[in-house]
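Asker: My questions concern the predicted model and sequence given below.
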Amino acid sequence: MMDENLSIGFIGAGMMASALIKGVIKAGKAKPASITASDAYQPSLDRQAAEGVHTTLSNREVVSRSRVVFLAVKPDVVASVLDEIKDDVDPDRHLIVSIAAGISLESMEGRLNSGARVVRVMPNTPCLVSESAAAFALGTHATAEDRALVQELMGSVGYACEVKESQLDAVTGLSGSGPAYVYLLIEALADGGVRMGLPRQVALQLAAQTVKGAATMVMTTGQHPGQLKDAVTSPGGTTIAGIEALEKAGFRGAAMGAVVAATQRSQELKALSATPDKSSK
Ligand SMILES: NC(=O)C1=CN([C@@H]2O[C@H](COP(=O)(O)OP(=O)(O)OC[C@H]3O[C@@H](n4cnc5c(N)ncnc54)[C@H](O)[C@@H]3O)[C@@H](O)[C@H]2O)C=CC1
Ligand SMILES: O=C(O)[C@@H]1CCC=N1
């Protein structure tokens, strides 16, 4: 069990950090006062301060006040942040948890002093509503306790599992970016309803609830999505006409292609982060 007074820090207090902070507070895994967040942008800090979180412009202060330090800046900022906090990171005290897409454990460990405990997590924004889908991979020096802590913390805001680091790009392409694909789907379904005469608000509610209901069916019945699809689809009925339209438009290929494209972009980011000067360590 996690220590309920565990101090958690966030370097970068943008979209994803905000969702995580709200999620872990709601799950009772941390009190606002035991969380410290830094950002270079004052309005982001003001938002966190309003939640009772301790805020600072200093990334180093986050490290000094926290045992678990989330790196929640954009991938291209991770290297400079690690250079900045390097000498404050104590392997006996700190666990560094990066949520940055495509930044490898090796590149982060290479920028910190030896022995630093690092974990990579790929969460998604629905952790704001305790419905995150996250996967994580442990660095060289992360311990069994670190694994349990990350599993408990991320599990408190949704589903979390450990994967090989080499699989994190695919996780990024599927569940990290995935909420955006589903929002597109919901918007498009609602547009279809509006096209056929439904009021916008009604169409949006019906579309969103349909996606939520279908996802819940997959997760609770244990049935394959194909079986569940067949149960909706009457011979010669309406659903098969809709499915034919989707298949003709290449729906499955488009969905698969989205995951492939986003995974490849994550791989590209990794390649970019692996090239910089190791001399500046
Ligand atoms: N948005 C999402 O759905 C997901 C994002 N991620 C990852 O989370 C990380 C953050 O993404 P977002 O929250 O979407 O971005 P964001 O742009 O909303 O947040 C990043 C924050 O970092 C701050 N910042 C910039 N330079 C800084 C510095 N030197 N020190 C401290 N703070 C600094 C910015 O002012 C900004 O508020 C990225 O690495 C991304 O790959 C991972 C999973 C999902
Ligand atoms: O778009 C991005 O790069 C980040 C990573 C996963 C979701 N958002």
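Answerer: Yep, it's here. Ligands and ions are numbered 1, 2, ... in the order given.
Asker: Run through the residues of the protein sitting next to ligand 1.
Answerer: 11-17, 38-41, 44, 59, 72-75, 77, 81, 99-101, 122-125, 176 (C-beta under 6 Å from any ligand atom). C-beta here means a position set from N, CA and C on the backbone, and glycine is covered the same way.
Asker: In strands, which of those residues fall?
Answerer: Ile11, Ser38, Met122 (DSSP state E).
Asker: Of these, which is the nearest to ligand 2?
Answerer: Met122 (7.0 Å; C-beta to the nearest ligand atom).
Asker: re the thing from before, of the residues of the chain next to ligand 1, which ones also sit close to ligand 2?
Answerer: Among these, ligand 2 is touched by Ala101, Gly176 when using C-beta under 6 Å from any ligand atom.
Asker: Is there a quick ChimeraX command that grabs whichever of the residues of the chain next to ligand 1 are buried?
Answerer: Selection command for ChimeraX covering only the buried members of those, criterion 16 or more other C-beta atoms under 10 Å:
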select :11,12,13,14,16,17,38,39,44,59,72,73,75,77,81,99,100,101,122,123,124,125,176
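Asker: List the ones among the residues of the chain next to ligand 1 that fall in helices.
Answerer: Met15, Met16, Ala17, Ser44, Asn59, Val81 (DSSP state H).
Asker: so where is the stretch 101-250 of the chain shaky, pLDDT-wise?
Answerer: Residues of the stretch 101-250 of the chain meeting the criterion pLDDT under 70: none.
Asker: Now do the strands in it.
Answerer: Applying DSSP state E, counting those that start in this stretch to the stretch 101-250 of the chain gives strands spanning 117-122, 132-138, 158-162.
Asker: Tell me which of those sits most buried.
Answerer: For these, average neighbour numbers computed from mean count of other C-beta atoms under 10 Å are highest in strand 117-122, which has a mean of 26.
Asker: Which stretches in this protein count as helices?
Answerer: 15-26, 42-49, 59-65, 78-85, 105-111, 144-155, 168-171, 178-195, 200-221, 225-232, 238-248, 251-274.
Asker: If you count neighbours, what's buried in the fifth one?
Answerer: Residues Leu105, Ser107, Met108, Glu109, Arg111 are the ones in helix 105-111 that count as buried (16+ other C-beta under 10 Å).
Asker: How about the first one: what's its closest non-neighbour residue?
Answerer: Read it as Leu105. Gly139 (4.3 Å; C-beta to C-beta, 6 or more residues apart in numbering).
Asker: give me phi/psi at the one you found?
Answerer: The phi/psi pair for Gly139 (degrees, to the nearest 10) reads phi -80, psi 180.
Asker: How is this structure partitioned into domains?
Answerer: 8-164, 178-266 (automatic domain parsing).
Asker: quick one: Thr238 from Ala231, how far?
Answerer: Thr238 is 14 Å from Ala231, where distance means C-beta to C-beta, to the nearest Å.
Asker: Deepest-packed of the helices of the chain, please.
Answerer: By mean count of other C-beta under 10 Å, the helices of the chain have helix 168-171 as the most buried, with a mean of 23.
Asker: And it, what does it pack against?
Answerer: Counting contacts by 3 or more C-beta pairs under 8 Å, 6 or more residues apart in numbering; DSSP states H and E, helix 168-171 packs against strand 117-122, strand 132-138, helix 251-274.
Asker: need the contact list for the residue nearest to the spatial centre of the chain.
Answerer: Geometric centre of the chain, nearest residue: Pro123, 1.9 Å, by C-alpha atoms, centre = their mean. For Pro123, the contact set (C-beta atoms under 8 Å, 6 or more residues apart in numbering) comprises Met16, Ala19, Leu20, Ile99, Ser132, Ala133, Ala134, Met154, Val157, Gly176.
Asker: What distance do you get for the nearest residue to the second one once chain neighbours are set aside to Leu20?
Answerer: With sequence-adjacent residues excluded and distances taken as C-beta to C-beta, 6+ apart, Ala19 is closest to Leu128, at 4.0 Å. When C-beta to C-beta is applied, the distance between Leu128 and Leu20 equals 8 Å.
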